[in-house]
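> A predicted structure for the sequence below; I have some questions about it.
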Amino acid sequence: MATTGPVPRDDTTGDTAPALLEVHDLAVSIGGHQLLSEVSLTIRSGELVGLVGESGSGKTLTGLSLLGLLPAHASVRGSVRFDGVDMLEVDAERLRRIRGSEMSMIFQEPRASLHPSRPVGKQIVDVIRAHEPVRVADARRQAVDMLGLVGLPNPQRTMDAYIHQLSGGMCQRVMIAMALVCRPRLLVADEPTTALDVTIQAQVVSVLRRLARELDLAVLLITHNLGVVSALCSRVVTMYCGQVVNDDDADQLLSAPQHPYAAALVRASDVSLDHPDEGGGIAGAPANPARPPRGCRFHPRCPYAEERCTEHVPALEPARHGGRTRCLRSDDLVLPGVGA
Ligand SMILES: Nc1ncnc2c1ncn2[C@@H]1O[C@H](COP(=O)(O)OP(=O)(O)OP(=O)(O)O)[C@@H](O)[C@H]1O
């Protein structure tokens, strides 16, 4: 797992801020296959939360669910409340207004989300004018300001650039500017640094961290990369096989994880940090959420599994050292963290 290097984290958000987003028992099926089940998580105003897990664990589907961006044929149950609004019940027009102006999402490949033959400035102006009744000249000023805020060196010139004239890191900053120009309260960032080299990853992380503070923005950061998470997030939600299995303070997760799968992820990232040639994967193949194993979904790969883990389904419950975890053995296990 690549990392961004040691970027100090900002821990200024206390746990007393009101919940901005509350997801409760979210379940998503597509084509008759249940891909998410019992997904619950909370994000407070201004909070930076990581969403981690191996490929296929359901991170992106969770992110898309929050913004009502799942395929039309998906069936969704549970509840997603954003600032008091029930996102699963809201009508299409309200949803369109919320997206972009109150909640935004950015993706791994900014070039795929930006128009190739329209200057980036015009694309940002379009977003502003889709949400706010402002004149083009005012929208242009806002766009230039935002391009400056994300740290692009010459915002005026960037306004007229096409994406093929910009580097990957600059495109990602343009994408961030576009997502934040209407000052949303929550940004869902899906692998925003994965396509970038390590130095540029660190720059993008530091831009997100600064903007979160300056704009009082909450961020749900979806990533494989625990280095990026530890640089940015104060809390980390871990998914396995379509479920949340652990929800913990970032320091707790890294130093003394409370779920065997979370511990395996931490260990895998630590191994790849110290000994990149060793790869650092987790033994065994990830379970398929459409055909989960009986009992605890992680038990076939879990070195700590007992007989009961093969039969009983663990609930996501308060853990010994704070946070919540989904493990029948959470009371007696002591799991190694980074550097152990
Ligand atoms: N539109 C879809 N139709 C059918 N299955 C889907 C669809 N989107 C995702 N899936 C399946 O749902 C599961 C979760 O996918 P998701 O993309 O949310 O995982 P992820 O954790 O984000 O993985 P990655 O890190 O690779 O992006 C996977 O088994 C995936 O194949």
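Cool, the structure landed. For clarity, every value in this text was computed on a predicted model and none was experimentally measured.
> Every contact and neighbour count from this point should use C-alpha atoms.
Will do.
> which bits of the stretch 51-200 of the chain sit near the ligand?
54-61 (C-alpha under 6 Å from any ligand atom).
> taking those residues one by one, which sit in strands?
Of those, none are assigned to strands by DSSP state E.
> Which one of those residues is nearest to Ser167?
Thr60 (24.8 Å; C-alpha to C-alpha).
> What helices and strands are in contact with the helix or strand containing Arg129?
Assigned by DSSP states H and E, Arg129 belongs to helix 120-131. Packing contacts for helix 120-131, counted by 3 or more C-alpha pairs under 8 Å, 6 or more residues apart in numbering; DSSP states H and E, involve helix 92-101, helix 136-149, helix 155-159, helix 168-180.
> With the ligand as the reference, measure out to the closest residue to Gln34 other than its chain neighbours.
Distance criterion C-alpha to C-alpha, 6 or more residues apart in numbering; nearest residue to Gln34, sequence neighbours excluded, is Ala290 at 5.2 Å. Going from Ala290 to the ligand by C-alpha to the nearest ligand atom, to the nearest Å gives 7 Å.
> Tell me the secondary structure at Ala290.
Assigned by DSSP: H, G, I helix; E, B strand; the rest coil, the conformation of Ala290 is coil.
> quick one: the helices in the stretch 201-340 of the chain?
226-232, 250-255, 260-274 (DSSP state H, counting those that start in this stretch).
> Just the buried positions in the second one, please.
Looking back up the chat, that one is helix 250-255. 250, 252-255 (16 or more other C-alpha atoms under 10 Å).
> do stretch 52-72 as well
52-54, 56-63, 65-68, 70.
> Over to stretch 318-332?
So stretch 318-332, judged by 16+ other C-alpha under 10 Å, has buried residues 319, 323-330.
> Among these, name the least confidently predicted one.
Ranked by pLDDT, the buried residues of stretch 318-332 bottom out at Ser330 (91).
> how close does that residue get to Gly284?
21 Å (C-alpha to C-alpha, to the nearest Å).
> just Gly121 next, same as before
For Gly121 relative to Gly284 (C-alpha to C-alpha), the value is 47 Å.
> And the two? Which one has more around it.
Gly121 (23 against 9; other C-alpha atoms under 10 Å).
> contacting residues for the more buried one?
Residues counted as contacts of Gly121 (C-alpha atoms under 8 Å, 6 or more residues apart in numbering) are 140, 143-144, 158-161.
> do you know how far it is from Gln172?
For Gly121 relative to Gln172 (C-alpha to C-alpha), the value is 14 Å.
> And for Ser255?
31 Å.
> Equivalent analysis for Arg326, please.
35 Å.
> ok, Glu54 touching His224?
Yes: between Glu54 and His224 there is a contact under C-alpha atoms under 8 Å: 6.5 Å.
> List the residues that contact Pro116.
Per C-alpha under 8 Å, 6+ apart, neighbours of Pro116: 162-164.
> Helix or strand: which one has it?
Going by DSSP H and E, Pro116 is not in any helix or strand.
> Mind pulling up the pLDDT for it?
94.
> can you check Arg135 too?
On the pLDDT scale, Arg135 gets 96.
> Can you list the low-confidence ranges for this protein?
1-17, 270-280, 339-340 (pLDDT under 70).
> Identify whichever of the helices of the stretch 201-340 of the chain lies nearest to Thr194.
Nearest of those (C-alpha to C-alpha): helix 226-232, 9.7 Å.
> Just name whatever secondary elements the closest one is in contact with.
strand 48-52, helix 198-215, helix 250-255, helix 260-274.
> Quick one: check that helix for contact with the ligand.
No: on the criterion C-alpha under 6 Å from any ligand atom, helix 226-232 is out of touch with the ligand, staying 12.8 Å away.
> Only C-alpha atoms, please: export that helix in CSV.
Presented in CSV, the C-alpha positions along helix 226-232 are these (Å, rounded to 0.1, in the frame of the first residue of the first chain):
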residue,chain,number,x,y,z
LEU,A,226,-4.2,3.8,5.5
GLY,A,227,-1.3,6.2,5.1
VAL,A,228,-3.7,8.7,3.5
VAL,A,229,-6.3,8.0,6.2
SER,A,230,-3.9,8.5,9.1
ALA,A,231,-2.8,11.8,7.6
LEU,A,232,-6.3,13.2,7.3
